[in-house]
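Colleague: Here's a sequence, model it:
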Amino acid sequence: MIRERTTALRSSSILALFPGQGTQTVGMGRRAAEASAAAAQVFDLASDILRIDARELCWRTPDAELKRTKNAQPAITIAALASWAVASEELMGSSAVVAAGHSVGAISAAAAAGYLSMPTAVRLAASRGELMGSVAGHGSMLAVAINGLPTADEQEERAHELAARFHVDVGAVNGPRQVVLSGPRDLIERACAQLEGRAKMLAVSHAFHSRMMAPVESQWCAMVDAVEMEPAPTWSYQGSILAMRARTAEDVRQDLRASLTMPVLWSRVMESTMTLSEVRVFGPGGVLARLARPYRGGRTVTQVDVS
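Modeller: Numbers count the residues shown, from 1 in each chain. So this is what the prediction gives:
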């Protein structure tokens, strides 16, 4: 039950994580919406904003269609914010929270922190998905296992070595065991073949977080610059692209602006938030919970499942 999963959220400090594309699942958010009026309202508002049936999008869209970038990004954001809507009722006034998101999850994190309104976040995620899905070319991404490098500096150095070797970009540095390469499909496939059992092609339509997104970057930056941000948020925002704790709304804006062509520095997020006492993942999929385990340090890591 949703209530059973959220009553334990009270804590002195919580790291709230929001997932990105690839975590989408058919049915996501249904449990939350059926158990909580606050979560149901997220779906109602999203339906009005996007002029679609958000429940249909998240609960009944066929998997192949849901994977399309223009559908996946708003759907994940809606489901994550529905999960957050339930939890935030428990957190308000009782805990310190730092919100961080992986890739498009940064939009949900900005909303959870209070910099973006929920309608603005849903609208921005839909625009991002539409824009990124429109990029021409055949790009792909590759997850590469690395051998437990302990620090973000070492992980990033290894990622850049691999990217230079195969003439592609670093898409993400996810922690001591995984980095992601991004670039033209032929080069990514060649890297996969040469790295043999250490690499896995990701089920994505484009080379996100790479130079291949450059054709739409100026349009995205204009969209981000146009949105209204709250200057006095409720919680803190941890950037996953520029790897900084936001002090102002402009810091959040700059992190979002950079999110199309620059890599996700997830290990920096996790290293910089080690002092927080609990980790909660809001939204579909178990990817971020798994990536958090090397940084657990005695903390609980909980998936607030909404599927």
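Colleague: what's the domain layout of the protein?
Modeller: For the chain, the structural domains run 2-135+212-304, 139-205, going by automatic domain parsing.
Colleague: CSV for those, including mean neighbour count?
Modeller: Any C-beta I mention is one placed from the backbone N, CA and C, and that applies to glycine too. As requested, the domains of the chain are exported to CSV (neighbours: other CB atoms under 10 Å):
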stretch, mean neighbour count
domain 2-135+212-304, 20
domain 139-205, 18
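Colleague: Comparing these, which yields the minimum mean pLDDT?
Modeller: Mean pLDDT is lowest for domain 2-135+212-304 among the domains of the chain, at a mean of 92.
Colleague: mind checking how far that domain is from the chain centre?
Modeller: Remark: domain 2-135+212-304 is offset 6 Å from the chain centroid, using CA atoms, centre = their mean, to the nearest Å.
Colleague: can you list the residues that contact stretch 157-177?
Modeller: 102-103, 141, 143-146, 148-150, 152, 155-156, 179-184, 187-188, 190-191, 194, 207-211, 263-268, 270, 291, 294-295 (CB atoms under 8 Å, 6 or more residues apart in numbering).
Colleague: Look at Val98 and give its secondary structure.
Modeller: Using DSSP: H, G, I helix; E, B strand; the rest coil, the secondary structure recorded for Val98 is strand.
Colleague: hang on, the earlier thing: mind checking which of the contacts of stretch 157-177 are in helices?
Modeller: Of the contacts of stretch 157-177, the ones assigned to helices by DSSP state H are 152, 155-156, 187-188, 190-191, 194, 266-268, 270, 291.
Colleague: so can I have CSV of those residues showing distance to Asp44?
Modeller: Listed next are those as CSV, based on distance: CB to CB, whole Å:
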residue, distance to Asp44
Ala152, 40
Gln155, 42
Glu156, 42
Leu187, 44
Ile188, 40
Arg190, 47
Ala191, 44
Gln194, 50
Trp266, 32
Ser267, 37
Arg268, 36
Met270, 34
Leu291, 32
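Colleague: What is the nearest of those to Thr248?
Modeller: Nearest to Thr248 among the ones in helices among the contacts of stretch 157-177 is Arg268, at 19.4 Å by CB to CB.
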